Structures are given as C-alpha cells and as structure tokens.
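**Student:** kindly return the folded structure for what I paste below:
(4 chains)
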There are 2 protein chains.
Amino acid sequence: MSKQGGALRLQDVATAAGVSIATASRSLSGAPGVSESVAERVREVARQMGYVANLHARSLAAGTSRSVGLVVHEIGDPYFAEIASGVLRVGADEGLTVQICHTGRDPERELDQIRTLVANRVGAIVVAGSGFVDPALQNAARTDLQAYREAGGRVAVIGRHHLGVDAVLPDNVAGGRAVAEHLLGLGHRRIAVATGWQGLTTIADRLAGVAEAFAAEGLDFADVPVVEVAFTREGGKVAAERILADHPDVTAVLALNDDMAIGVLSALRSRGIAVPERISVTGFDDVAVAQDLAPSLTTIRLPMSEMGALALELALKPPAGRPRRRTTGHELVVRDSSGPPPA
Amino acid sequence: MSKQGGALRLQDVATAAGVSIATASRSLSGAPGVSESVAERVREVARQMGYVANLHARSLAAGTSRSVGLVVHEIGDPYFAEIASGVLRVGADEGLTVQICHTGRDPERELDQIRTLVANRVGAIVVAGSGFVDPALQNAARTDLQAYREAGGRVAVIGRHHLGVDAVLPDNVAGGRAVAEHLLGLGHRRIAVATGWQGLTTIADRLAGVAEAFAAEGLDFADVPVVEVAFTREGGKVAAERILADHPDVTAVLALNDDMAIGVLSALRSRGIAVPERISVTGFDDVAVAQDLAPSLTTIRLPMSEMGALALELALKPPAGRPRRRTTGHELVVRDSSGPPPA
DNA sequence: CTGAAAGCGCTAACAC
DNA sequence: GTGTTAGCGCTTTCAG
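**Tutor:** Okay, the predicted model is just below:
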C-alpha cells in the first residue's frame, strides 16, 4: 500500500505556533491544562496548515483507538445493509470509525476477519448474523473473541447465542410462532415451509417457533413439508417449484426470510398462480421492499437498523458482570400476500 | 474507548522463541534474511501463543497501512450496499481492511469523514455517490483529497466528475437516453419524469440523456413535465400523485432511479391504475428486487458491485499521470412494467 | 543469517 | 500553564 510520506507532524504545528509539542497535543485533543488563548491559536495554526493527526501514532501512544469493527455475512444483503446502517449511525455519533468485513457465512473467513479486527486494535467488535447450531463450528471464533475481551476489547453479537457475550437477539422463535399462527388462524392446514440450511441458529429458531404454533393447534409438525434450499431469493424459487410438484394441494408457503418469500412469489407469478387466492405466502424480516411488492408481503418485522445501533451501544458500554441480552421485539405485519385458503 | 492492555507483544514472542525481536519481526512478516527453519519456529511459537500484531505500531513504523476507506451516502440503500459489496470483495482479496462511512448526502459530513479517513492513514479512499453540479459544494473535499494524494494517498471516485482523480463513471447520459428511447419507441408521447434534486450530477446527467432522446425524436423536452421530489421510494409516491393530478393524460412515468420507480408503482397500484396497460413505468439502476416486483421493472442496469470492485482496483494501482476514467456499460432491461401506450 | 538500536508520531507522566 | 522526556510496539538500517 502507498507510502504516506510528507504529512505534517504535530511537531511542525507546535513549532509554527511557537509552543512545545506537549502544549500542541493538549490543545488539539482538548485536554485541560492549556490556556484557552494558546489552545485556540494552536488550533488555528493547525487548521491553516491542514494538519491531520496520525491516528496510528495516537492509538499506539494512548493505547486506545476510536474505531470499531463490524462483521457481516454479506453487506449487499439488505438485512445486513440495514444493520450496518444502524451501526454506522451510532458510530458516527460517537466519532468512531467503523471497519466492516464480509464472511460469506464461512466460519473460516469469519475467524480471519475477526483476527484482522483484533490486530487493528479496534475498541469493539460487533458480529452480525446467524451462528451455527453446531458449536464446534465457531469454537475458534469464540476463543479468539474471548482472548480479545480479556485484553480489554468489547464484543457484541447480533442474532447469536452461545458466544458468551452481550447479544441482541431478534425474536426468531416468537416471530416464527406468530407467522405460523397467522396462517393457521386464517384456516390454512396444508402449509409448506421454505427454509435455508437448518444448521444456522436463526433458521433453527424460526423453525422451532413455527413448530410450536402447530403443536399448540394440536397438529403434528412432522407432517409439514419443510423444503431446505438456499436462504436466498433463488432458493425461494426452487422451493416453490418443489412444493408445487410434490405437494400440489398446499395452500400456504411460509418462507423463513423475505428473500426466499420474494423468490416464492416470483415463481408463483410466473406460473400464474394467484396469491393469496390460491396460495398465501409469508416472509420474515420485513426488508424495505416487502411493502412494495405486489402483492405486498405479509411478514415479521425485525427492527434491523435499531438492532445494529443497539449492538454497538451495548459494546460501547462498560462491560457488565454477565453477558447482557436484549431481545428485540417482532411485529407481525399483515399485508396482501396472505388470506384465507381457497374454499 | 476501551484500553487494550495485556496483549502480547512481539518481544514476548521473540523471547519465547529464543530469538531477537528483529528476527521475530522478519519471520512473521515474511521478510527475507532469516533461515527458513528459524522463521518457521517463530511462526509456530507465535501461533501457539495467539500473538496478534499491533497494526497501529506496524503502520507507524512502516509508514504504510493495509486499510482503505469507502465513503457512501447511506449504506442501507441497496445501490450503495451493492457497491460496498464489490469494494469489500476486492479488499478481502487484497488483504485490506475497509472502513466505511456515511455522509447522508451532506457535503459537510462528507468532508468530516474524509478527514477521518486521512487521519487513519488509509492507503486509499473510494468515494461513491453522486457529486454536486455546483462545484463549490465540494471544493473543500477536493482540496483535502488533493492534499491527501500529495502525501501519497490514492483516491478513486464512483459517479463523480470534476474531482481530478481516477473515476468509475456509470453511463448515466447514455442510460437516460436509452430508457427514454425505449418509451418513445413504444409510442409514448406524453411522458413524465420523476426525479430527485437536480443539483446532483447523477441526476443532471440522466436527465440530459433523456432530453437528448426527445431532441433526437424532434420533440421539445421543455414540454415534458419533470417532477422534482426526494430521490427515494417516498419521493416516487409523491411524484406519482402529483403527475396524476397535474397531467392525467400521461402514459408513462420515467423515474430516474429504481427506488423512485418502486414508489411510483406502489402509488399507481393503490389507485388501481394498471401498469403497463394504462401507464408504463421505468426505473434506473436495476437493484436486485427490480426483477421481482410485480410488474417486474423495466430499468437500466448498472453493474454496481463491479463498479465498487473496479474503483478499489483503480485506487490500488500505481497512480497514472492523468486521472483514469472507466465508463461502465449500461444495459436496458425490458421487463413487464413498460408497454405500448393505451390506444 | 542474526542482533542492537534508532526511530515512526503521538500521549502522558513528570518537572518546572 | 507550559515544557521535557520516556515510552507505545513495530520495522529497518547498520553492524557483526
């Protein structure tokens, strides 16, 4: 990477202002112990010269840094983009820089990225995105984060349990129960579920909620077709095709995120199947476009941007004795994609 | 921000491995001048101890850093989220950390963020998002970026002219011409344009392309209603209402981005106006959901993720004598939201 | 091939 | 209220 030569140093500013480097330092950082008149003069000189402090030097000397890290599966995904938006917002408010990295849902890459953040001595790390049902898959990350915390770093996660740190937990179980209840309440009995890989806790939780709702109704969830494909729009299309082929009598498709639901809607539309008259469709997350689809999507709203903000706020707070948990609310948003089953 | 105490230092590793700190440094950074056997041993010791280098110290000593900055208007916006995805992808490939910051389209905030990135001594800065038609609004940023470059920093912009640096330019003019030609070719003559603030170059350019198409057809663009509202979904709704009220005979609405087009579709749907039978609607950008709307959206595709990737690649290359320009292609994607005007 | 030592630019004791 | 100075943890000459 390019050499950053020729930049002004604090000494240059100090000399130009006719003060010592210590006074210059205090003036610019707003530390007490300098007369206001001198401080103001130094600041003016610095501004005129276009001085920009070297934050690496500052971090090294002070032992602290004004930056935090955010780990997401994929920033192009609206779910994470909105979370990131919340994180950046409070980051900006607090005067922090935010380093964002991708993992592509690969535990290995995730570990790499976490290490890099640690090496950058970020003051806090927010890890967003589902964890794995199999704890072994994130043992390495857990260990690294633990070491990081022991060295004084702060960690918060979004949507993960089992990591022993402050967590913001979307209400996946209750949300899953709520959508399922909604469909059951409308009278649907032949419901299919479109899901991603069940090794992700997010999915396992949502599914558990759905199962609860069936059980509460006295129905056997084992009879419900659960189609596991990619947790994406494309996956939704595939799931829809498969459901139509294998279970043609289904009257509702419960997709475990909006992305999949969008794919399902798309597949049904291209086959000319009326939603919700013939088949109802529901999603989960309430990404921004859910309301603008046609038919608009019935889904579970999760406050993603707030979740991001909250996670960073947790991470920034002094650590508590035991991990804090903040469960976000969820809200069933009934729109046009769900209705009673055909008579 | 939290104190990062207690972390291992290179000296600890050196001692444990029974070598000098210099040898340890060389071993870990892969520098030549160490026997492979010693180097391997040092690396093994470091791994066992869980040593993570302090990048601030490294940057300070080496005068270089493995990090870059990305400035976007709003990461929650799919347009920028996709650009960011491209940037993060090549960043990861190159082993760089990426700092992302928001500006909210506020030139002041933008300047702040750029300064912070400079202070962080990032090796390169990518600025994404439209600039301003009025150059004065970005003079300060221009000056700062100039100083940054003189100090050895690298800069690339996406979708901005007039900044005197390497640029990735979406083909806004040609794209604008292409959608307009599409509508004109279908036979539409009473077309309205829904646009955001014309002080943004992106918008000015797209509008110029649209005007060209009208001129080529021998039509006077001055007669075309151009409704300027927020460059958002909400703005699109407002624009649609206004167009319906003031120009009820319009047969097509050309929105200058997909977000607005989605808003327009939404407003038309809630009024029961058939698209494209009664009114055609077109967008611009081709965000991921455009294809899944109902009706699916006719729009101009811009390769956003590639634009982000390309921009970072440009920034990483050794600087050229004069600013490089890469104009991205555009592609008219005709879907279901546009058709011939009603007879 | 390896080690000693001089900084990188800044902060924070500690003097005055 | 201001200046002096010893590091922060690492890289990189320069000797050996």
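
**Student:** tell me how far the residue nearest to A:Val34 when sequence neighbours are not counted lies from B:Asp223.
**Tutor:** Nearest residue to A:Val34, sequence neighbours excluded (CB to CB, 6 or more residues apart in numbering or on different chains): A:Arg26, at 4.7 Å. C-beta coordinates here come from the backbone N, C-alpha and C atoms, glycine included. Applying CB to CB, to the nearest Å, the value for A:Arg26 to B:Asp223 is 65 Å.

**Student:** now do A:Ala216: how many residues are near it, please.
**Tutor:** Using other CB atoms under 10 Å in any protein chain shown, A:Ala216 has 12 neighbouring residues.

**Student:** residues touching it, list them.
**Tutor:** A:177, A:181 (CB atoms under 8 Å, 6 or more residues apart in numbering or on different chains).

**Student:** before we move on, back to that, of A:Arg26 and B:Asp223, who's got more company?
**Tutor:** A:Arg26 (18 against 10).

**Student:** which strand or helix spans that one?
**Tutor:** Element membership for A:Arg26 (DSSP states H and E) is helix A:21-29.

**Student:** cool, A:Pro323 as well?
**Tutor:** Counting by DSSP H and E, A:Pro323 is part of no helix or strand.

**Student:** that one reaches A:Val165, doesn't it?
**Tutor:** Yes. Between A:Pro323 and A:Val165 there is a contact at 5.5 Å, judged by CB atoms under 8 Å.

**Student:** neighbour-wise, which of the two wins?
**Tutor:** In this view A:Pro323 and A:Val165 are compared by other CB under 10 Å, and A:Val165 has more residues nearby, 22 against 16.

**Student:** tell me who's in contact with the more buried one.
**Tutor:** A:Val165 neighbours (CB under 8 Å, 6+ apart): A:145, A:149, A:155-157, A:323.

**Student:** repeat for A:Pro319
**Tutor:** So A:Pro319 contacts A:149, A:154, A:166 (CB under 8 Å, 6+ apart).

**Student:** how near is it to B:Gln11?
**Tutor:** For A:Pro319, the distance to B:Gln11 - CB to CB - is 28 Å.

**Student:** ok, now A:Gly176?
**Tutor:** A:Gly176 is 52 Å from B:Gln11, by CB to CB.

**Student:** again, but for A:Ser27
**Tutor:** 34 Å.

**Student:** higher neighbour count, these two?
**Tutor:** The neighbour count for A:Ser27 versus B:Gln11, taken as other CB under 10 Å, is higher for A:Ser27 (26 against 11).

**Student:** my understanding was that that one contacts A:Ala39; is that so?
**Tutor:** Yes. Between A:Ser27 and A:Ala39 there is a contact at 4.0 Å, judged by CB under 8 Å.

**Student:** what are the ranges of the helices in the stretch 1-150 of chain A?
**Tutor:** A:10-17, A:21-29, A:36-49, A:55-62, A:78-93, A:107-119, A:139-150 (DSSP state H, counting those that start in this stretch).

**Student:** is chain B contacted by stretch A:270-285?
**Tutor:** No. Using CB under 8 Å from any CB of the partner chain, we find that stretch A:270-285 stays clear of chain B, coming within 9.4 Å at best.

**Student:** buried residues of that stretch, list them for me.
**Tutor:** Neighbour-count burial for stretch A:270-285 flags A:275-276, A:279-285 (criterion: 16 or more other CB atoms under 10 Å in any protein chain shown).

**Student:** who are the packing partners of the helix or strand hosting A:Glu241?
**Tutor:** Here A:Glu241 sits within helix A:233-246, counting by DSSP H and E. Here helix A:233-246 touches strand A:191-195, strand A:226-228, strand A:252-255, helix A:258-270, going by 3 or more CB pairs under 8 Å, 6 or more residues apart in numbering or on different chains; DSSP states H and E.

**Student:** 6 Å instead?
**Tutor:** Here helix A:233-246 touches strand A:191-195, strand A:226-228, helix A:258-270, going by 3 or more CB pairs under 6 Å, 6 or more residues apart in numbering or on different chains; DSSP states H and E.

**Student:** C-alpha coordinates for that helix, PDB please?
**Tutor:** C-alpha atoms of helix A:233-246 as PDB (Å, rounded to 0.1, in the frame of the first residue of the first chain):
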ATOM      1  CA  ARG A 233     -34.400 -15.500  -3.500                       C
ATOM      2  CA  GLU A 234     -33.100 -18.100  -5.800                       C
ATOM      3  CA  GLY A 235     -33.700 -20.700  -3.100                       C
ATOM      4  CA  GLY A 236     -37.200 -19.400  -2.800                       C
ATOM      5  CA  LYS A 237     -37.900 -20.100  -6.400                       C
ATOM      6  CA  VAL A 238     -36.500 -23.600  -6.200                       C
ATOM      7  CA  ALA A 239     -38.500 -24.200  -3.100                       C
ATOM      8  CA  ALA A 240     -41.700 -23.100  -4.700                       C
ATOM      9  CA  GLU A 241     -41.200 -25.400  -7.700                       C
ATOM     10  CA  ARG A 242     -40.500 -28.300  -5.500                       C
ATOM     11  CA  ILE A 243     -43.500 -27.600  -3.300                       C
ATOM     12  CA  LEU A 244     -45.800 -27.300  -6.300                       C
ATOM     13  CA  ALA A 245     -44.500 -30.500  -7.700                       C
ATOM     14  CA  ASP A 246     -44.500 -32.600  -4.500                       C
END
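
**Student:** buried set for that helix?
**Tutor:** For helix A:233-246, using 16+ other CB under 10 Å, the buried residues are A:233, A:235-244.

**Student:** next, the angle helix A:258-270 makes with that helix.
**Tutor:** 50 degrees (axes from the mean of the first three to the mean of the last three CA atoms, to 10 degrees).

**Student:** for helix A:233-246, which outside residues touch it?
**Tutor:** Applying CB atoms under 6 Å, 6 or more residues apart in numbering or on different chains, the contact partners of helix A:233-246 are A:192, A:194, A:227, A:229, A:250, A:255, A:259-260, A:262-264, A:266-268.

**Student:** hmm, 8 Å instead?
**Tutor:** A:192, A:194-196, A:225, A:227, A:229-230, A:250, A:253, A:255, A:259-268, A:271, A:273, B:288, B:292.

**Student:** between that helix and strand A:191-195, how many degrees?
**Tutor:** Using the same axes, to 10 degrees: helix A:233-246 against strand A:191-195 is 150 degrees.

**Student:** does at least one residue of stretch A:149-159 sit close to chain B?
**Tutor:** Yes. Stretch A:149-159 reaches chain B (CB under 8 Å from any CB) through A:150-154.

**Student:** kindly apply the preceding question to stretch A:85-105 instead.
**Tutor:** Yes. Shown here: stretch A:85-105 in contact with chain B (CB under 8 Å from any CB) through A:85, A:88-89, A:92, A:96-102.

**Student:** got the end-to-end distance for that stretch?
**Tutor:** Start and end residues of stretch A:85-105 are separated by 20 Å (CA to CA, to the nearest Å).
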